[in-house]
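Undergrad: sequence-free structure coming up:
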C-alpha cells in the first residue's frame, strides 16, 4: 500500500506516524511546501518573545528524523499542485529545483491546514506588515525585531495569535496596540468574561481599540501609518495581521472534492472526503460540533491530531470514528489563564437553546491555605434537559483542571446538576472540600429545584425604578461605601434577621453581595420569611468588571495616535 500525505504539522504528521505503527510495510510519502514538516505551531509567538530561545526547539521532527525512526519519506519544499483521482496520481512541484513530476497513490490524505485571512487593503505590501502562520513567517518577524528594534507595534485582530503576540512583544518592551473590529477580544468568551481580559491587558500597558476598523496603511517617514475608518490613524514601527484563518482548500476544490462552511472540506466521521480513497484532516475540514451536532470548522491542534490518527486507522482497516469537537481551548495571558469549551451565550442563542447559566467566583484552593486565588467561572446549561452547553473560566491557578473536568462531564453526557456529585481529589494546596466544579453543580441544582431565583448584570437596567421592588446589598458597610449600584440599600448579611422589618414583604426582593454567596444566604433567609427573592449572579465584583469595561470602551480615541 502506498499513501501520500499532503501537508504536515499536526494532522499530516500524526497520520504518517500512526500509519507506520499500523503497517510496517506501507510506503508513506509526505509532501510539505514549506521548509518545516512537524513544528510547534502554537509555540511560534513564544519564540518571538524569547520565552523559547532556541529556534530548533520549535522543530518536533525533521525529514531525517522521520526517515530514521519511521522510514517515512518526507519531502519539504514540495507542493502538490494537482490531484488526478481518476488514475490516483498527484502532480508535485519541487520548489527548490523548479521541477514537476507525478506520484501515484493508493490512499491520499489531505492536511493543508488553514491560511491567514488576507485583507485587501491599500498598503498591504509594506515590509513592516507581518503574518504569523509558518516557521518562516516567524523567523522573518524575529529578524526584523532583532535588526530594527521596533519600539511599537499594532496587532490587527484579537484572537489567540493576536493576544499571544501582544504578550510576547510586551516582554520585549514593545508598546502594543490591539485593533479589534468587534467590541471584545476572544470570541470564544462572552463579553462579560472578556472584560477581565481587557482589564488585564490594559494593566500591562497594552492599548485596546475595540470596534476599530483598519482601512489601509501608508508609509510615514520612518514608521508605518495605520489608517482607521473613523479617520484616525496610528503611527507604528510594525504591524502584525492576526484577523483569523480560513481553510486552505484550493487544491481540494480544484479536484472536485465537496466543500461547505468557509470552503472547508466535507468529511464523514472516518475522515473520508466525497472522493474515494481521499481523506482529509486538520484545520481544512468541516466536522460535527460536539454540543450542537451541527457542522462546524474548528481550527485547533487537538482535533487535528485526533483526525490524523483516525484517518490512518481507517486506511489500515481499523474501524475508527471521529466524535466531533467542542472547541475546547486555553491560553495564558501574562499570569492569567483563560479557558473555555462548548458554546458561549451568543452561540447558544443562535442555535436556539433555551439555556440558563451560573456565574461563580471560587478560590483555586482552600482559602486558609496560603496563596489561594479567585477564579471566575461561567457554566451554561439547557433548562429542560440539563445538558451542559459550555463553560468559561478565567483565573490564575487550577483553571485548566476545572475546565478539563467539565469537558469530561460534557463528553460523558453528565447532566449539569450532577457536577455536584463528582468525587474530586481534595487537599488544601489543591482544592477545597467543595471543589469549584462541585459548587457549580450545587448552584445549578438550587436553580432547577426552585430553591433560588437569580438575576444578572444585564437585567439591572430593566428593573423598575419607581419603588415597585426592593434592591438590597448585603455586603459590609465598608464594602458598600467603596462602591455600590445606585438604588440598592445596605443591610449586611449578619444584621439581616434583626432588620427584616425594614423590608417590604409585598415587594419582590433583589439581593446583591460581592460574589453571590452572601446574597444567596440572604435569599434563603428571606424566602423562608415569605419574600419573593432573586439572587444577583456573579456578585458586585463581576458586575463592576463588566461595567468598568463598558465605560472605558465607550470613550473615544483622539485622531492621530502616535505610538
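TA: Arrived safely. Predicted model, so just to flag it, every value in this text is computed and none were measured.
Undergrad: show me where the stretch 151-300 of the chain has strands.
TA: For the stretch 151-300 of the chain, the strands defined by DSSP state E, counting those that start in this stretch cover 152-156, 175-180, 207-210, 214-220, 223-228, 233-236, 239-241, 245-247, 265-266, 278-280, 285-288, 295-296.
Undergrad: Quick one: closest of these to residue 511.
TA: For the strands of the stretch 151-300 of the chain, proximity to residue 511 was assessed by CB to CB; strand 207-210 is nearest, at 32.5 Å. Bear in mind the C-beta positions are built from the backbone N, C-alpha and C, glycine included.
Undergrad: Residues in contact with the closest one: which ones?
TA: 175-180, 182-185, 198, 201-202, 228, 234, 553, 557 (CB atoms under 8 Å, 6 or more residues apart in numbering).
Undergrad: Give the buried subset of these as a PyMOL selection command.
TA: Buried residues within the contacts of strand 207-210, by 16 or more other CB atoms under 10 Å, are selected in PyMOL with:
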select buried, resi 175+176+177+178+179+180+184+185+198+201+228+234+553
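Undergrad: Tell me the pLDDT of residue 465.
TA: pLDDT for residue 465: 79.
Undergrad: List the single closest residue to residue 91 in space, sequence neighbours excluded.
TA: residue 82 (3.9 Å; CB to CB, 6 or more residues apart in numbering).
Undergrad: Which strands border the helix or strand that neighbour falls within, and is each parallel or antiparallel?
TA: Taking DSSP states H and E as the criterion, residue 82 maps to strand 78-84. If you go by DSSP bridges, strand 78-84 pairs up with strand 89-94 (antiparallel).
Undergrad: Average pLDDT for the strand it pairs with, rounded please.
TA: Strand 89-94 comes out at a mean pLDDT of 98.
Undergrad: Any idea how far it is from the middle of the chain?
TA: For strand 89-94, the separation from the chain centroid amounts to 36 Å (computed by CA atoms, centre = their mean, to the nearest Å).
Undergrad: do the same with stretch 40-48
TA: 16 Å.
Undergrad: Please report phi then psi for residue 108.
TA: Dihedral pair for residue 108: phi -130, psi 130, per degrees, to the nearest 10.
Undergrad: what bridges to it?
TA: residue 4, residue 278.
Undergrad: these two touch, right, it and residue 7?
TA: No: judged on CB atoms under 8 Å, residue 108 makes no contact with residue 7 at a distance of 11.3 Å.
Undergrad: closest one to residue 518 among the strands of the stretch 151-300 of the chain?
TA: Evaluated with CB to CB, the strands of the stretch 151-300 of the chain place strand 207-210 nearest to residue 518, the distance being 33.0 Å.
Undergrad: Would you verify that residue 57 is located in a helix?
TA: Yes: assigned with DSSP: H, G, I helix; E, B strand; the rest coil, residue 57 falls within a helix.
Undergrad: quick one: the strands in the stretch 351-500 of the chain?
TA: Going by DSSP E, counting those that start in this stretch, the stretch 351-500 of the chain shows strands at 355-360, 376-382, 388-395, 454-455, 470-473, 489-490.
Undergrad: Looking at the ones you listed, which is nearest to residue 41?
TA: strand 388-395 (24.0 Å).
Undergrad: just how off-centre is that closest one within its chain?
TA: Counting by CA atoms, centre = their mean, strand 388-395 comes out at 11 Å from the chain centroid.
Undergrad: how far off strand 376-382 does it point, in degrees?
TA: Using axes from the mean of the first three to the mean of the last three CA atoms, to 10 degrees, the direction of strand 388-395 lies 180 degrees away from that of strand 376-382.
Undergrad: Okay, now the sheet partners of strand 388-395, with direction.
TA: Strand 388-395 is paired, per DSSP bridges, with strand 336-342 (antiparallel), strand 376-382 (antiparallel).
Undergrad: would TSV of these with mean neighbour count and mean pLDDT be doable?
TA: Shown next, in TSV, are these (neighbours: other CB atoms under 10 Å; pLDDT from 0 to 100):
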stretch	mean neighbour count	mean pLDDT
strand 336-342	24	98
strand 376-382	24	98
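Undergrad: Thanks again, I'm all set now.
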